[in-house]
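Undergrad: below: sequence and its predicted model.
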Amino acid sequence: MEATQTDSLTPMMGQYQRIKEQYPNTLLFFRLGDFYETFFEDAVTASRELDLTLTSRDRKNKIPMAGVPYHAVETYLSRLIRKGFSVTVCDQMEDPRKAKGIVKREVIRTITPGTLLEENLLEEKKHNFMLSICSGNGNLAIAYCDISTADFFCTQFPLSYEKLEAELSRLKPAEVLLCGPAGSDKKIQ
């Protein structure tokens with residue numbers, strides 16, 4: 001959704017859009033009462049990936065919407081993370097019945113495949129590595145860690161895509177981060 005379209009949104013949907021703009025590469029689970037809702041493209045994705053009914057927030061504007069009950073959110077988060085998605089969870093920070101105006105909401109966590117800490121979301125007997133690859137001066141360097149166990153490793157070797165492929169196959173990282181040549185401040189997305 002373009003920023004210029006936010007003018008026609010309700011205050012709550014404007015709040016959603018401002019938060020979503022800060023987390024563009026994740027699915028945003030936005031707490032509304034007893035549900036975590038997704039909107040716009042996130043709702044289409046969540047509906048497809050979680051077998052949820054795609055509804056509409058507003059009959060006039062037809063904003064796509066799909067949600068899950070708050071008490072079952074961990075089950076849905078687990079399914080999305082296992083499919084390789086990243087999810088940002090935005091919660092209500094005050095009781096809606098006592099709020100004056102729009103309910104205050106804040107992001108309480110962002111979960112990516114490589115940053116899982118919750119035991120119920122981790123796969124048993126499998127490392128959950130986040131791996132970073134950097135290249136420069138004819139070398140490749142990889143560093144990988146499992147934050148759930150505090151294991152951290154790194155190595156460097158002459159530039160060889162065969163060696164890199166072998167390492168990736170062996171480690172089976174949950175998430176891979178790429179960076180540019182040593183000393184570069186540009187990251188490859």
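TA: Here it is on my side, so go on. Small disclaimer: the values here were computed from a predicted structure and weren't measured.
Undergrad: list the buried residues in stretch 136-152.
TA: Buried residues in stretch 136-152, defined by neighbour count with 16 or more other CB atoms under 10 Å: 140-146, 148. Yep, even glycine has a C-beta here, placed from its N, CA and C like the rest.
Undergrad: could you do stretch 37-47 as well?
TA: Residues of stretch 37-47 classed as buried: 37-40, 42-43, 45-47 (neighbour count, 16+ other CB under 10 Å).
Undergrad: these in strands, which ones?
TA: Using DSSP state E, the subset of the buried residues of stretch 37-47 located in strands is 37-39.
Undergrad: and the residue nearest to the spatial centre of the chain, how far from Ile102?
TA: Centroid-nearest residue in the chain, with CA atoms, centre = their mean: Ser86, separated by 2.1 Å. For Ser86, the distance to Ile102 (CB to CB, to the nearest Å) stands at 26 Å.
Undergrad: where in this structure is pLDDT low?
TA: Low-confidence segments of the chain (pLDDT under 70): 1-7, 58, 116-125, 180-189.
Undergrad: 50 - rerun?
TA: Counting by pLDDT under 50, the chain contains low-confidence residues at 1-4, 182-189.
Undergrad: quick one: the spatially closest residue to Cys154 that is not a sequence neighbour from Arg48, how far?
TA: Spatial nearest neighbour of Cys154, excluding adjacent residues (CB to CB, 6 or more residues apart in numbering): Ala143 at 3.9 Å. For Ala143, the distance to Arg48 equals 34 Å [CB to CB].
Undergrad: and the strands in the protein?
TA: According to DSSP E, the chain carries its strands in the segments 27-32, 35-39, 55-56, 64-69, 87-92, 105-111, 130-136, 139-146, 151-158, 175-181.
Undergrad: would you list those strands in JSON lines and tack on distance to Leu77?
TA: Converted to JSON lines, the strands of the chain look like this (distance: least, CB to CB, whole Å):
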{"stretch": "strand 27-32", "distance to Leu77": "8"}
{"stretch": "strand 35-39", "distance to Leu77": "9"}
{"stretch": "strand 55-56", "distance to Leu77": "20"}
{"stretch": "strand 64-69", "distance to Leu77": "9"}
{"stretch": "strand 87-92", "distance to Leu77": "6"}
{"stretch": "strand 105-111", "distance to Leu77": "6"}
{"stretch": "strand 130-136", "distance to Leu77": "17"}
{"stretch": "strand 139-146", "distance to Leu77": "19"}
{"stretch": "strand 151-158", "distance to Leu77": "23"}
{"stretch": "strand 175-181", "distance to Leu77": "15"}
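Undergrad: cool, thanks, talk later.
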